[in-house]
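**Student:** With the input below, show me the fold.
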Amino acid sequence: MQVQKYKVEDLIPYVNNSRTHSEEQVAQIAASIKEFGWTNPILVDGSKGIIAGHGRLQAAKKLKLTEVPVIELKHLTETQKKALIIADNKLALNAGWDEEVLKLEFQELLEAGFDIELIGFDTKTIDELLNNKQELGLLPEEKLDNFLNGDTKILRLAYDEQEFETMVVNLQKLQKEMDIEDFSSIIFTLVVEKCAK
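**Tutor:** You can find the predicted model right below:
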C-alpha cells in the first residue's frame, strides 16, 4: 500500500457515515496529530471518497492543514466499501483494556511529565484508575437497597463463606446507624483491603 498526499478540499466524506464525531473528540484527534504527527492515513476509494478517517479529516481542517496522508483502496467493491466503513469503527470498539497494565502505563507517562489527556481518556477516568476508585465506592442508594435485600455478590467476590456471613450481619447493623455515603465507603474499603492481601 502506498501512502499519498491529497488536498483536504478534494476529499469527499461518505454521505451515509453512521459514526459521529463530537467537537470534543475532533479536538482530541487534532491534539494527537499535533503531538505525535500523522500516524494513521485516511482511507479512500478510487474517487477520493472517504472510507475511514472522517474524524481525522475534521481534525485536519481544525488544524488548517491543506494536505493529508491517504491510502487508496481502489480494489473494494461498493458492498465491501460500505461494510468497511462500519467495520473500521466497530472492530476497534470491540477491544477491551487490561486495567492493571493501563494503570502502570498511566503512571509511567505521568512520571515522565507527559500530558496524559492527549491519549483520549477523560480526567475522571484517569483519576479513578490511578486512585483505585471503583463503582463499588460510589454505590447509589438503589444498589445499597439491593445489597441489603440479598444482592451480596460484591462481598462474595472477596470473602470466603464464613467471613461473608459474619460481614453481612455486621454491615446490616452498621447501616442502620450510618448514611449512604459512609456505608458505601465501608463496603468499598473492606473489599479493597481483602483483595490486597
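
**Student:** And the lowest mean pLDDT element among the helices and strands of this structure?
**Tutor:** The helix or strand of the chain with the lowest confidence, counting by mean pLDDT, DSSP states H and E, is helix 141-148 at a mean of 56.

**Student:** Correct me if wrong: S32 contacts L118.
**Tutor:** Yes: shown here, S32 and L118 form a contact pair, counting by CB atoms under 8 Å, at 6.2 Å. To be clear about C-beta, it is placed using only N, CA and C from the backbone, and glycine gets the same treatment.

**Student:** Between these two, tell me which one has more neighbours.
**Tutor:** Per other CB atoms under 10 Å, whichever of S32 and L118 has more neighbours is S32, with 18 against 14.

**Student:** residues touching the more buried one, list them.
**Tutor:** Shown in contact with S32 (CB atoms under 8 Å, 6 or more residues apart in numbering): 59, 118-120.

**Student:** go with 10 Å
**Tutor:** Contact analysis of S32 by CB atoms under 10 Å, 6 or more residues apart in numbering lists 38-40, 56, 59, 118-120.

**Student:** Assign it to helix, strand or coil.
**Tutor:** Secondary structure, DSSP: H, G, I helix; E, B strand; the rest coil: S32 is helix.

**Student:** If I look at it, what pLDDT would I see?
**Tutor:** Each residue has a pLDDT score; the one for S32 is 92.

**Student:** Please report the distance of it from S47.
**Tutor:** 28 Å (CB to CB, to the nearest Å).

**Student:** Need the three-state assignment for the spatially most central residue of the chain.
**Tutor:** In the chain, the centroid-proximal residue (CA atoms, centre = their mean) is F121; its distance is 6.2 Å. Under three-state DSSP, the three-state class of F121 is coil.

**Student:** What score does it have for pLDDT?
**Tutor:** Looking at F121, the pLDDT reads 83.

**Student:** now Q25
**Tutor:** The predicted local confidence for Q25 is 90.

**Student:** cool, A112 as well?
**Tutor:** In this model, A112 carries a pLDDT of 86.

**Student:** for it, phi and psi?
**Tutor:** Dihedral angles of A112 (phi, psi; degrees, to the nearest 10) stand at phi -80, psi 0.

**Student:** repeat for I51
**Tutor:** phi -100, psi -50.

**Student:** just E72 next, same as before
**Tutor:** E72 adopts backbone torsions of phi -90, psi 130, taken as degrees, to the nearest 10.
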